[in-house]
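Enquirer: Fold the stuff below for me.
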Amino acid sequence: MALRGWEMLRRLGLADHRYACGLVGCAAEALFGLGRWDEAVQISEPVADQPVSFANRILQGNLAELEGARGQLEAALARLDQVREQRWQLGPQHARELGRLRAEMRLWLGRPQRPRPM
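Expert: Residues are numbered from 1 along each chain as shown. Prediction:
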């Protein structure tokens, strides 16, 4: 369903709109969860090389998770750092998820970050 919606928005010239990126993100997340990683990468490719934007920030997190799962840890961490550098006000669920992914990549790379005082 998400892919059909994204296709329609793409045909209308709205592929870069935040709702279009959200639909691709939902589809990529679902495919990743089903273990269909190659398909998740394939549908995410149009956004993968775009600069991080407010519209695609969540999809960029999904792409980082895919990269990490595929062993591309440095690429995943770099992508997450690009999202973090933008300093957008993310909702708590997105901020938590991006923070979790970033911590996970740093752990896998052997570079854990010291916790911040509360």
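
Enquirer: Test my guess that R79 contacts E65.
Expert: No. Judged on CB atoms under 8 Å, R79 makes no contact with E65 at a distance of 9.5 Å. Backbone N, C-alpha and C define where each C-beta goes, glycine included.

Enquirer: Ranking helices and strands of the chain by mean pLDDT, which lands last?
Expert: When each helix and strand of the chain is scored by mean pLDDT, DSSP states H and E, helix 2-11 comes last, with a mean of 71.

Enquirer: Let me know the next secondary structure element after the helix or strand where N62 lies.
Expert: Assigning secondary structure by DSSP states H and E places N62 in helix 57-69. The helix or strand immediately downstream of helix 57-69 is helix 73-85, counting by DSSP H and E.

Enquirer: If we go by neighbour counts, what in that next one is buried?
Expert: 73, 75-77, 79-80, 83-84 (16 or more other CB atoms under 10 Å).

Enquirer: In CSV, list those along with pLDDT.
Expert: Shown next, in CSV, are the buried residues of helix 73-85 (pLDDT from 0 to 100):
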residue, pLDDT
L73, 94
A75, 93
A76, 93
L77, 92
R79, 90
L80, 90
V83, 86
R84, 83
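
Enquirer: Tell me how far Q42 lies from R36.
Expert: Q42 sits 9 Å away from R36, going by CB to CB, to the nearest Å.
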